[in-house]
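Visitor: got a predicted structure plus its sequence, pasted below:
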Amino acid sequence: MLNRVALFLITAFWITMNVLLWRSEFRGDNEVGAAVPVEVVWQRMLVAPDDSELDIIHHGKRVGYCRWSANAAEALATGKFATDDTEPEGQVRHLTGYTIDITGNFAYGEAMRRMRFDSNLQFSTNYAWREFMLRGNQRPTAWEVRGDAKAETLAFKIQEGNSDWDRTFKFDELRNPEKLVHDMGGPLVLGMVQSMVQNLGNTNQLKEMSIGLQWEARHDWFKIAHSKLRAYRIQARVLDRYQIVVYVSRVGEILRVELPNDVVLINTAFTSL
């Protein structure tokens, strides 16, 4: 009698688990295309357990590589940053913000000249940016852009051989493109600055790191060879002409990025499939 009861319970458990699994998969098909808050996807990306390693593809040809690394910054209740080796007993860690590091390189042009780049972004716990740095290097030229939300400044630096050029602008000055073109010394900057100013609209948007992009996120499937993986799809339009699409796994790993001019970033785990 006891054996029959045990067999019944095991069978019922097995049937229940299969029904729940089927229901989960079936509901997953129904929710494809359903909207999801962008903040949910952003949070997953910031606390993803692994870095995202991506191959850079242009017109179907691999031209480079980059790594996305996001981390949550923690501090002790005393205000001192903690380390795994020296954390005092009884102290409580609390979240102080997030950091994103992006490094890589790519080749471009007929000569396939290679550009190396790295960047660092720092955010508060409510996702407001604090500081950012973007640096590029292609010998003999190196350039760097730094932004500071607290100081409300944007700094440019260019090194070419033995000559250096650097300028720092207040956010308010970004609303005067003619002055920037004069200070930065070239008409090439004019289109970039005017486009940036048109998208910013005002300096408050710059402080909030909103450059005119309206992001939206939805549930979707990401196809891998002959199978598919449940994922998030976030996208935005640039200047009402170009579209950016990013596929993110449920744990926050970047799977694929589609950029204008047929530039695609694909997670290295899938490039050989």
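Guide: Yes, it's here. Numbers count the residues shown, from 1 in each chain.
Visitor: now the helices for the stretch 151-273 of the chain?
Guide: For the stretch 151-273 of the chain, helices defined by DSSP state H, counting those that start in this stretch occupy the ranges 177-184, 188-200, 203-207.
Visitor: do you know how far residue 140 is from residue 156?
Guide: Taking Cβ to Cβ, to the nearest Å as the measure, residue 140 falls 18 Å from residue 156. C-beta: built from backbone N, CA, C; applies to glycine.
Visitor: which of those two has more neighbours?
Guide: Between residue 140 and residue 156, counting by other Cβ atoms under 10 Å, residue 156 is the more crowded of the two (17 against 10).
Visitor: which residues touch the more buried one?
Guide: 143-145, 165-169, 184 (Cβ atoms under 8 Å, 6 or more residues apart in numbering).
Visitor: turn these into CSV, including pLDDT.
Guide: Shown next, in CSV, are those (pLDDT from 0 to 100):
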residue, pLDDT
143, 89
144, 92
145, 90
165, 85
166, 87
167, 86
168, 88
169, 84
184, 56
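Visitor: make JSON lines out of those and add neighbour count.
Guide: Shown next, in JSON lines, are those (neighbours: other Cβ atoms under 10 Å):
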{"residue": "143", "neighbour count": "16"}
{"residue": "144", "neighbour count": "17"}
{"residue": "145", "neighbour count": "15"}
{"residue": "165", "neighbour count": "12"}
{"residue": "166", "neighbour count": "11"}
{"residue": "167", "neighbour count": "14"}
{"residue": "168", "neighbour count": "13"}
{"residue": "169", "neighbour count": "17"}
{"residue": "184", "neighbour count": "17"}
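Visitor: report the two of those residues separated the most.
Guide: 143 and 169 (15.3 Å; Cβ to Cβ).
Visitor: buried set for stretch 51-63?
Guide: Going by neighbour count (16 or more other Cβ atoms under 10 Å), the buried part of stretch 51-63 is 52-58, 63.
Visitor: again but with stretch 139-159, I slipped
Guide: Buried, per 16+ other Cβ under 10 Å, within stretch 139-159: 143-144, 146-149, 154, 156, 158.
Visitor: where are the low-confidence patches of this protein?
Guide: Judged by pLDDT under 70, the chain has its weakly predicted residues at 1-32, 75-93, 111, 175-213, 239-240, 272-273.
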